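Participant: Pasting a predicted model and its sequence here:
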Amino acid sequence: MRTHLHLKRLIKSLEIQNQELRQLTQQNEDLEHRVAERTAELKQALEKEKELNQLKSRFITIASHEFRTPLAIIASSSGILQKFSDRLNEERKQEHLQTIQHTIKHITQILDDVLMINRAEADKIELHLEAADIVDFCHHLQSAIAESNNQHTINFSVDLGQETITNSLIIQFDKKLLQQIITNLLNNAIKYSPNHNLVNFSLTKADDKIIFKISDHGIGIPEADQDNLFASFHRGSNVGNIAGTGLGLSIVKKCVDLHQGEINIDSQIGKGTTVTITIPYLQPIADQ
């Protein structure tokens, strides 16, 4: 009888110990899981910090270069005006003043691009749709850019389909964001085509899509760089001394995403680049 009671107590004690062991095992597994999660979070944070540091480094390198040259130009022109104003005729004075104004505009654009990408990264840019004539809008941008780049010709074409009789189409879009998209792409096409003066810009309506296509015959984008096309401050390895911040396509991509659109880039070294932007065809609310 005593042996039986002793055996029962022993079994009970083993069951308790076994239960405690299972609890300890579960706690250990939970702890290992939390440690693994925390390790992954720390690794991700370190990678993010490394990425941010690389971005900062690229920004400082690019910005210092992009600012140094225009500031030197401003200093040179203003110095000439200050020291030799009495010897310069009116035409030469105007040339130096225009150089200063153009250079200030260039610096302002760099700062605007940096602020734009910063707001986009912080999700502080919203889509504001309004009804307007997309053909007139594109034609106005094409004309404005062509006027400031008289060495290149921008060939603008429109195909709205057979159902549209006139070259006019009222749709809903965000004017500021679409201006960023088209202006950046046209300026890129011009900038990276130093030896070819023709840029093609087309606007097409296809079913429920609006398609913008901009193509050039410039230097092209190396295949190795194409995976990082939309990374902030990234520039192609073949740009040489062509000025730029590496923000243009990054801004374009974010503006296209806000329009719930798509961007496709086809590029070959020495043959040129074609960028295709597709956004939804949104009719004015009254027409829907």
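Facilitator: Structure received. Numbers count the residues shown, from 1 in each chain.

Participant: neighbours of the closest residue to G270 other than its chain neighbours, just the number please.
Facilitator: Spatially, and ignoring its direct neighbours in sequence, G270 is nearest to G220 (5.7 Å; CB to CB, 6 or more residues apart in numbering). No exception for glycine: its C-beta is placed from N, CA and C like everyone else's. Residues contacting G220 under the criterion other CB atoms under 10 Å number 19.

Participant: which SS class is G220?
Facilitator: coil (DSSP: H, G, I helix; E, B strand; the rest coil).

Participant: That one: what's it in contact with?
Facilitator: For G220, the contacting residues are N238, S267, Q268, I269, G270, K271, G272, T273, by CB atoms under 8 Å, 6 or more residues apart in numbering.

Participant: so how many other residues sit close to the first one?
Facilitator: Going back to what we said before, that points to N238. N238 has 15 nearby residues by other CB under 10 Å.

Participant: I'd like to know how far it sits from P222.
Facilitator: 6 Å (CB to CB, to the nearest Å).

Participant: Can you work out which residues contact both of the two?
Facilitator: I269.

Participant: Which stretches in the stretch 101-250 of the chain count as helices?
Facilitator: 134-148, 175-191, 248-258 (DSSP state H, counting those that start in this stretch).

Participant: so which of those helices gets nearest L24?
Facilitator: helix 248-258 (49.6 Å; CB to CB).

Participant: and the angle from the closest one to helix 175-191?
Facilitator: Taking axes from the mean of the first three to the mean of the last three CA atoms, to 10 degrees, one finds helix 248-258 and helix 175-191 inclined to each other by 150 degrees.

Participant: in the following helix or strand past helix 248-258, what counts as buried?
Facilitator: Using DSSP states H and E, the helix or strand that follows helix 248-258 in sequence is strand 262-268. Judged by neighbour count (16 or more other CB atoms under 10 Å), strand 262-268 contains these buried residues: I263, I265, S267.

Participant: Can you pull the poorly scored residue ranges out of the stretch 51-200 of the chain?
Facilitator: Applying pLDDT under 70 to the stretch 51-200 of the chain flags the ranges 51-65, 162-165.

Participant: Could you rerun that using 80?
Facilitator: 51-68, 110, 114-115, 117-124, 161-167 (pLDDT under 80).

Participant: what about the strands in it?
Facilitator: 130-133, 153-159, 170-173, 198-206 (DSSP state E, counting those that start in this stretch).

Participant: wait, which of the ones you listed is closest to I104?
Facilitator: strand 153-159 (24.7 Å).

Participant: What strands line up against that closest one, and which way round?
Facilitator: Counting by DSSP bridges, the strands paired with strand 153-159 are strand 198-206 (parallel).

Participant: quick one: contacts of the strand it pairs with?
Facilitator: By CB under 8 Å, 6+ apart, strand 198-206 touches 134-135, 138, 142, 152-161, 164, 169, 182, 186, 189-190, 193, 210-217, 281.

Participant: neighbours around I221, how many?
Facilitator: 23.

Participant: That one against G270, yeah?
Facilitator: No. Between I221 and G270 there is no contact under CB atoms under 8 Å: 10.8 Å.

Participant: Just give the nearest non-adjacent residue to the residue nearest to the spatial centre of the chain, would you?
Facilitator: Central residue of the chain (CA atoms, centre = their mean): S250, 1.3 Å from the mean position. Nearest residue to S250, sequence neighbours excluded (CB to CB, 6+ apart): S232, at 4.6 Å.

Participant: Show me what the helix or strand containing L31 is packed against.
Facilitator: Using DSSP H and E, L31 sits in helix 2-84. When contacts are defined as 3 or more CB pairs under 8 Å, 6 or more residues apart in numbering; DSSP states H and E, helix 2-84 sits against helix 90-121.

Participant: how big is the angle separating the helix it packs on from helix 134-148?
Facilitator: Using the same axes, to 10 degrees: helix 90-121 against helix 134-148 is 130 degrees.

Participant: tell me how far helix 90-121 is from the chain's mean position?
Facilitator: 20 Å (CA atoms, centre = their mean, to the nearest Å).

Participant: do the same with stretch 37-52
Facilitator: 24 Å.

Participant: and L129, what does it touch?
Facilitator: L129 neighbours (CB under 8 Å, 6+ apart): Q172, F173, D174, L282.
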